[in-house]
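> With the input below, show me the fold.
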Amino acid sequence: MPAVAPMSSEPSAVSSFNCLEPTLFSRLRQQLYPIYVKSFGPIAGSQNHLERMTDDSLDVKRSIAQLSLFEKESGRRLQGLKLLEVGAGLGLTVTTARLRFGAEAYGLEPGGEEFSGTYELGQQLLDGCGLDPELLVNGAGEHIPFPDQSFDAVISSNVLEHVADPAAVMKECFRVLRPGGVCHMVIPNFGSWWEGHYGLLWLPHSPHWLGRLRVRLAGRDPAYIDTLQLITPAKMKRWIAPFGDRIEVKGWGQALFDERVRSLNFEEYSTLGLAKNLLRVFHRLGVITILLGIARVLRWETPIVLTFVRTS
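Numbers count the residues shown, from 1 in each chain. Reported below is the predicted structural model:
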């Protein structure tokens, strides 16, 4: 799955911790880059874009930022928690959660020929970092292969837009969460002005046909659009509505988005450098406060950062 990273501004994202020694990093990168060329070459704006996606996927600071964001938004420390990452990719966040944060972390990632090959690379990564490769489990979010109420925390980052049935994935995440446990999801908001897979400005709430037209006008291959779930906050609310009063929503990421847009303090993963440059223009024009006021009303925050607690 492509690297559309959450914008990070957490101090703990900068750390000397790195579980990938240079030889392991080089071996994994050498295998990952051709996978990304095959899977994402048609949507990338340049070879540099593909190179950046590959490096981002092996950037430990990014995993630290993701896990730090969980702690900030949930108010919980990961130390000692039993954690499941749905859509674990290369397993780098699972590895980081265990070795740096002290969590009992597991990952779920589909494997086999029909998928991109990251599951097999993830097992190599875990083994290379001295962990059991079986901590990365072969499976899909629609059918999580764990019993009810197995985990204290379920996390997922930039995955839900790629699954076949987002409502089923949300139902499964709720099922395996213990009472008092936290679900934390980072999802691109297609009700916003930014499309991070292609790195393009996007008309909010565009249907697939209009999204394809937008991408084609940019001179890029539009086929990938049809593989995406075009998720918005309204859709997320519908998918969690069946949980009723069994969950308490802690936040949707609006305050986080506001903070990052005002400060411009976020990492420039993948194509986010372009997004930051556009925001600098609005800062120079002195319209950021007005822009954010409109964004709060029309729900333009991106990504969506949904955090909820299972209450019963």
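
> mean confidence for whichever helix or strand residue 153 is part of?
Using DSSP states H and E, residue 153 sits within strand 151-157. Across strand 151-157, the average pLDDT comes to 98.

> let's have the chain start at 740 instead
Right, with 740 as the first residue, what we last looked at is strand 890-896.

> for that strand, packing partners?
Secondary-structure packing of strand 890-896 (3 or more CB pairs under 8 Å, 6 or more residues apart in numbering; DSSP states H and E): helix 799-813, strand 821-825, strand 916-926. Using the backbone N, CA and C atoms, a C-beta is placed for each residue, glycine as well.

> centre of the chain versus the following helix or strand past the second one, how much separation?
Next in sequence after strand 821-825, counting helices and strands by DSSP H and E, comes helix 831-838. Put simply, helix 831-838 sits 15 Å off its chain's centre (CA atoms, centre = their mean, to the nearest Å).

> got the contact list for helix 831-838?
The contact list for helix 831-838, computed with CB atoms under 8 Å, 6 or more residues apart in numbering, reads 756, 758-759, 796-797, 799, 801-803, 805-806, 817, 822, 824, 827, 842-846, 861, 864-865, 868, 870, 874-875, 894, 896.

> can you put the helices and strands packed on strand 890-896 in TSV and add distance to residue 960 and mean neighbour count?
Listed next are the helices and strands packed on strand 890-896 as TSV, based on distance: least, CB to CB, whole Å; neighbours: other CB atoms under 10 Å:
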stretch	distance to residue 960	mean neighbour count
helix 799-813	26	23
strand 821-825	28	24
strand 916-926	23	22
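
> Tabulate those (CSV), appending distance to residue 771.
Converted to CSV, the helices and strands packed on strand 890-896 look like this (distance: least, CB to CB, whole Å):
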stretch, distance to residue 771
helix 799-813, 14
strand 821-825, 18
strand 916-926, 21
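
> Among those, which comes closest to residue 990?
Residue 990 lies closest, by CB to CB, to one member of the helices and strands packed on strand 890-896: helix 799-813, at 5.9 Å.

> Quickly list what the residue nearest the centre of the chain is bridged to.
Centroid-nearest residue in the chain, with CA atoms, centre = their mean: residue 896, separated by 2.2 Å. Listed beta-bridge partners, residue 896: residue 925 (assigned using DSSP bridges).

> Correct me if wrong: it contacts residue 925.
Yes. With contacts counted by CB atoms under 8 Å, residue 896 reaches residue 925, the gap being 4.3 Å.

> mind checking how far residue 933 is from residue 976?
Here residue 933 is placed at a distance of 21 Å from residue 976 (CB to CB, to the nearest Å).

> Between the two, point out the one with more neighbours.
For residue 933 versus residue 976, neighbours defined as other CB atoms under 10 Å are more numerous around residue 933 (22 against 12).

> Just the pLDDT for residue 806.
In this model, residue 806 carries a pLDDT of 98.

> I'd say it and residue 816 touch.
No. Contact between residue 806 and residue 816 fails when scored by CB under 8 Å: they sit 10.4 Å apart.

> Next, show the common contact partners of the two.
Shared contacts of residue 806 and residue 816, defined by CB under 8 Å, 6+ apart, are found at residue 840.

> Poorly predicted segments of the stretch 940-1051 of the chain, please.
The model of the stretch 940-1051 of the chain has pLDDT under 70 over residues 1009.

> what are the ranges of the strands in it?
Using DSSP state E, counting those that start in this stretch, the strands found in the stretch 940-1051 of the chain span residues 986-990, 1043-1049.

> quick check, distance from the last one to the centre of its chain.
This means strand 1043-1049. 13 Å.

> go on, the shortest one?
Relative to the centre of its chain, strand 986-990 is centred 19 Å away, using CA atoms, centre = their mean.

> Please apply the same query to stretch 824-843.
Distance of stretch 824-843 from its chain centroid, counting by CA atoms, centre = their mean, is 13 Å.

> Then stretch 923-930?
The answer for stretch 923-930 is 8 Å, by CA atoms, centre = their mean.

> swap in stretch 1028-1038?
Relative to the centre of its chain, stretch 1028-1038 is centred 23 Å away, using CA atoms, centre = their mean.

> measure residue 1044 to residue 993 for me?
Separation of residue 1044 from residue 993 (CB to CB): 9 Å.

> Those two - which one has more neighbours?
Neighbour count, other CB under 10 Å: between residue 1044 and residue 993, residue 1044 has more, with 26 against 17.
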